[in-house]
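Colleague: Would you be able to build a 3D model of this:
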Amino acid sequence: MQNMGHTMLGCKVFKIVLSLNIFILAKQFKSYKTLTMKKPLISVFFLFLFIAHLGSQSLYEPLKIQKCYQDGTRSHTGMPGPNYWKNTCNYDIKVMLKPDRGNIRGSELISYSNNSPDTLKELVITILSDLYKKGNLNDFSIPQSLLNDGVKISKFRVNGNDSYLNSSKITREGTNMIVTLDELILPGTTSLVEIDWEFDYPGNLTIRNGNYGDSTFFIGYFYPKMAVYDDVDGWDKSNYTGYTEFYGEHSDYDVKISVPGDFKVWASGELQNVDEVLSEKYAIKWKEAQKSDKVYKLITADNYLDQDITQNNEWNTWHFKSTNIPDFAFGTSDKFLWDLINVVVDQGSGRKTTLNAAYRLDSKDYYKMAELGKKVLEDYSTRLPGIPYPYPEMTIFNGNSGMEFPMMCNNVSCEEWHETAGLAYHEMGHSYFPFFIGTNERKYAWMDEGWASLFPYFYSDTHSPQYDYLANRMGRYYNEAGSEREVPLMTQSDLLHIRGPYRQASYNKSFFAYFYLYTYLGEETFSKALQGYMNAWAEKHPVPFDFFYSFNTIAEMDLNWFWKNWFFDKNHSDLAISEMKNGELIVENRGKLILPVFIEVNYKDGSSYVLKKDISVWKDQQEKITIPIKDYKKVSSIVLGNDEILDVDKSNNILKF
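Modeller: Model prediction:
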């Protein structure tokens, strides 16, 4: 009777979960026309009959994630729930950069809309340049002589109330400023925040951005910015310490940047006042360039020092606007060359993106950057990920880093072309993750770094056929694989302050998780699932479970066995030949990581054949499998593995007779 009671209760719970999932799926598919199921609704019914009862393969869900499902902000289909919300901002920013001092001074008006169901008792503002503040935790070894007092704030108001500054209502903690509000911010209301601030960029300190010491600056993380308030954690109070990077609200920006008269500016937005900053001659050229589908060399090695490029003013103010981006950055120099090309990124609508290459005279690889950038945008828009590049601009700025910002890359020149191409593909890949898809890189850096590492793999041979991209990735993975320092991917990224474990989880192992998922699902199903996930979470904030469950739903598969093994478990790659007994080969998974199985059987007469098993061979158990070998008495040797399968110990991969 006790077992029968449990069964009846389980059926009731199952029916409730099933009905809710079908309702949410139908609602979401109606909202996202790109997510079309080709099979009738009855297949959806049986799909969820399958998914809703996962048994021992269900994934561990933290309490905060469970609450999101209860609140209806997220769903076990992987789609946003019917009650999903996100807060939004509008920024009106004015800044002046004084290159001779490395000083930037700014004022901003933030219009902050509380779309959540919560009443806000405080505001959290991130001040990311406080990474350089003395006493703050920092993942990089920065000499004390280059540290300073951080960002100085001279005005702070909320809805006209200026009683906050220099009071106990404001607390500076790491890179966060926490403001206890006099007046609560109610759901559905908009508040105005005013801030004046100033910061000195240390010379030649260029972590992701900074002062390059040659009248060239890439300025990111430069303005006080509203932290994200979401349905999972409320306010994001994690500190920026150097390794982990983005989490931002999708916002609209209106930014005016004042620089000395001979400086040019490239930024995360569309230039609004070309006639006010470029001379008449060059404004005409710039407008011509906006229509060109060939590389248009606006500023060249022959004219870059000419005095007639910009308006003849002591200071010029460059005005940019952008919509629905999670951050803003700009680069500036008085001596950069400038190429432009326009790229059709949406074949259906004909929508174009302007690609800018801004670079130094001696950067030999950047003379080909505009053409390369055009190819990147075309590849990403039409192949994998197969989502049209979402922004009207992209600038590849020749700094001395490899760093992404919305519509901007800050990339160093490289000695080898495969490095230049790989860096461009990687950093431009971030346009999708974490910018278009607003993942929380502070908590789960693999949700964007893994994709930005995978995408270039598919295009590497086109640009550098002699370079083995996969072998390079394997080498990076092996550096930490199986070590005590290697952690499961679901470990929060902001807890990892050692470079090796952080990069293993964020870049290396995540690359192979996506790679083996791709080889298992096949290009068509993988692309459909990836694009469905991206369309569902465009300009929203997915967490790992949204990614896992959306792939389950769209691929029409229970992939929880894969997610658990690759993302939750501590394991490494080590397949081994145990023995062959009575014609049956025993292959052990000593590292516990689910991998494809590739076996080459060689015979004494010189013939051979290959046996292949995909990753699902380990689905039900992860210790060992038995594979029959035909004509086993005539076998001379058996070799396990190939160049696409990770294996930290290949000494146990050959059996000779």
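Colleague: Now do the helices in the stretch 251-400 of the chain.
Modeller: 274-277, 280-289, 369-382 (DSSP state H, counting those that start in this stretch).
Colleague: mean confidence for the first one?
Modeller: In this model, helix 274-277 carries a mean pLDDT of 98.
Colleague: Kindly report the same for the last one.
Modeller: Helix 369-382 comes out with an average pLDDT of 98.
Colleague: buried residues in that helix?
Modeller: 369-370, 372-377, 379-382 (16 or more other C-beta atoms under 10 Å). No exception for glycine: its C-beta is placed from N, CA and C like everyone else's.
Colleague: hmm, who's touching it?
Modeller: Residues from elsewhere that reach helix 369-382, judged by C-beta atoms under 8 Å, 6 or more residues apart in numbering: 295, 339-341, 343-347, 353, 355-357, 359, 387-389, 394, 396, 398, 420-421, 424-425, 428-429, 431-432, 455, 458-459, 462-463.
Colleague: what about the spatially most central residue of the chain, is that helix, strand or coil?
Modeller: Centroid check for the chain by C-alpha atoms, centre = their mean gives D448 as the closest residue, at 2.5 Å. What DSSP: H, G, I helix; E, B strand; the rest coil gives for D448 is helix.
Colleague: mind checking pLDDT for it?
Modeller: For D448, pLDDT reads 98.
Colleague: Look up how far D182 lies from it.
Modeller: 37 Å (C-beta to C-beta, to the nearest Å).
Colleague: List the contacts of S58.
Modeller: N560.
Colleague: And for the one 10 residues further on?
Modeller: For C68, the contact set (C-beta under 8 Å, 6+ apart) comprises 74, 81, 231-232.
Colleague: what about the helix or strand containing it, average pLDDT?
Modeller: Using DSSP states H and E, C68 maps to helix 63-71. Averaging pLDDT along helix 63-71 yields 98.
Colleague: hey, C-alpha coordinates of it in CSV?
Modeller: Presented in CSV, the C-alpha positions along helix 63-71 are these (Å, rounded to 0.1, in the frame of the first residue of the first chain):
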residue,chain,number,x,y,z
LEU,A,63,17.6,26.3,-4.2
LYS,A,64,17.7,29.6,-6.0
ILE,A,65,17.1,27.9,-9.3
GLN,A,66,14.3,25.8,-7.9
LYS,A,67,12.6,29.1,-6.7
CYS,A,68,12.8,30.5,-10.3
TYR,A,69,10.8,27.5,-11.5
GLN,A,70,8.3,28.0,-8.7
ASP,A,71,8.0,31.7,-9.5
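Colleague: Rounded mean pLDDT for the next helix or strand after it, please.
Modeller: Remark: after helix 63-71, the chain's next helix or strand is strand 88-98, criterion DSSP H and E. Averaged across strand 88-98, pLDDT comes to 98.
Colleague: Over to stretch 163-179?
Modeller: pLDDT averaged over stretch 163-179 gives 97.
Colleague: these two touch, right, G261 and E314?
Modeller: Yes - using C-beta atoms under 8 Å, G261 is in contact with E314, at 5.6 Å.
Colleague: These two: who's more crowded?
Modeller: Each of G261 and E314 has its neighbours counted (other C-beta atoms under 10 Å); G261 has more, 15 against 7.
Colleague: For that one, what are phi and psi?
Modeller: Here is the backbone geometry of G261 (degrees, to the nearest 10): phi -60, psi -30.
Colleague: Ok, P385 next?
Modeller: On the backbone of P385 - angles per degrees, to the nearest 10 - the values are phi -80, psi -10.
Colleague: That one contacts M534, correct?
Modeller: Yes - P385 is within contact range of M534, at 6.4 Å (criterion: C-beta under 8 Å).
Colleague: what do the two both touch?
Modeller: Y432.
Colleague: Export the contacts of C68 as a markdown table, with columns for neighbour count.
Modeller: Converted to a markdown table, these look like this (neighbours: other C-beta atoms under 10 Å):
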| residue | neighbour count |
| --- | --- |
| R74 | 26 |
| G81 | 22 |
| D231 | 23 |
| V232 | 17 |
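Colleague: quick one: contacts for K294?
Modeller: By C-beta under 8 Å, 6+ apart, the neighbours of K294 are I341.
Colleague: Can you tell me what sits against stretch 282-291?
Modeller: Counting by C-beta under 8 Å, 6+ apart, 274-275, 278, 296, 298, 308-310, 340, 342, 354 sit against stretch 282-291.
Colleague: Just the buried residues of those.
Modeller: 274, 278, 296, 298, 309-310, 340, 342, 354.
Colleague: what two of these are the furthest from one another?
Modeller: T310 and N342 (22.7 Å; C-beta to C-beta).
Colleague: Pull out the buried positions in stretch 626-641.
Modeller: Buried residues in stretch 626-641, defined by neighbour count with 16+ other C-beta under 10 Å: 627, 629, 632, 635, 638-641.
Colleague: Equivalent analysis for stretch 564-581, please.
Modeller: For stretch 564-581, by 16+ other C-beta under 10 Å, it's 564-568, 571-577, 580.
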